[in-house]
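Enquirer: structure of the sequence below:
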Amino acid sequence: QWQRSYPEWRGATWCAPTAVSIILWYYDRLYHPNIFSFRAPSTLNSDITNIQTELWRLMGTFRDNKWQWSTYMNRNMDGWKYLNGKYSYTSDYHSWWNLVDNIQDEINAKRPVMISIERYINNERQWHVIVGHGYKWNNIYVNFGWGNRTANIIISTNGNDFTSNLWNGKITRVDKSIIH
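Expert: Residues are numbered from 1 along each chain as shown. Sure thing, here's the model as predicted:
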């Protein structure tokens, strides 16, 4: 999610493009081994930066009026354009009740999902996009996109509300995609 080769950790693409790249790596590794021109996972910063920069461009990620990076939710699915005709895909989203059921249905079908979450800190709304990849009861295993230590975090859900050791907040949207 950040450009690790710089000491100040300047953002390369931020959360929504990072979530798409995590899901693309999943499909490359298990089902479609030529999504990328190199084997996943690559440890070369240049490979990762090139992918993330292209996703950033496709998804319209921008700096908002507070100089924070943002991607409008309606652009989340534009990341699949990275496939550029190599594979077809279908995508859909849900932003109402039973979001946890939608997440579990997709995981049962062996498809990770993008999960949009929000929280309030000092009356300021913050958003983040994470990847759901497993569950047990109402606990969902997610990747926050901040490196290995946050790749398998448990969020405990109660309806669309959740708690974790990183964030507490609300699930606001689930983006589902199938790469054929």
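
Enquirer: low-confidence stretches in this structure?
Expert: 1-13, 39-45, 66-67, 96 (pLDDT under 70).

Enquirer: change it to 80
Expert: Within the chain, the stretches with pLDDT under 80 are 1-13, 37-49, 63-69, 96-98.

Enquirer: residue closest to the middle of it?
Expert: Centroid check for the chain by CA atoms, centre = their mean gives A19 as the closest residue, at 2.1 Å.

Enquirer: what sits against the closest residue to Y141 other than its chain neighbours?
Expert: Among residues not flanking Y141 along the chain, G134 sits closest, at 3.7 Å (CB to CB, 6 or more residues apart in numbering). Placement of C-beta: from N, CA and C, glycine included. Going by CB atoms under 8 Å, 6 or more residues apart in numbering, G134 touches I107, I140, Y141.

Enquirer: can you add neighbour count and secondary structure and give those residues back as a markdown table?
Expert: Below are the contacts of G134 laid out as a markdown table (neighbours: other CB atoms under 10 Å; DSSP: H, G, I helix; E, B strand; the rest coil):
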| residue | neighbour count | secondary structure |
| --- | --- | --- |
| I107 | 17 | helix |
| I140 | 25 | strand |
| Y141 | 17 | strand |
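
Enquirer: can you map out the strands along the chain?
Expert: With strands called from DSSP state E, the chain shows them at 62-63, 69-70, 89-94, 113-121, 124-136, 139-143, 153-158, 161-163, 168-179.

Enquirer: list the strands paired with the last one, with their directions.
Expert: The partner list of strand 168-179 in its sheet, established with DSSP bridges, is strand 89-94 (antiparallel), strand 113-121 (antiparallel), strand 161-163 (antiparallel).

Enquirer: give me the angle between it and strand 139-143.
Expert: Per axes from the mean of the first three to the mean of the last three CA atoms, to 10 degrees, the angle that strand 168-179 makes with strand 139-143 is 70 degrees.

Enquirer: who touches strand 168-179?
Expert: Residues outside strand 168-179 that contact it (CB under 8 Å, 6+ apart) are 23, 27, 31-32, 35, 73, 76-77, 80, 83, 87-95, 99-100, 102-103, 106, 111, 113-120, 127, 132, 157, 160-162.
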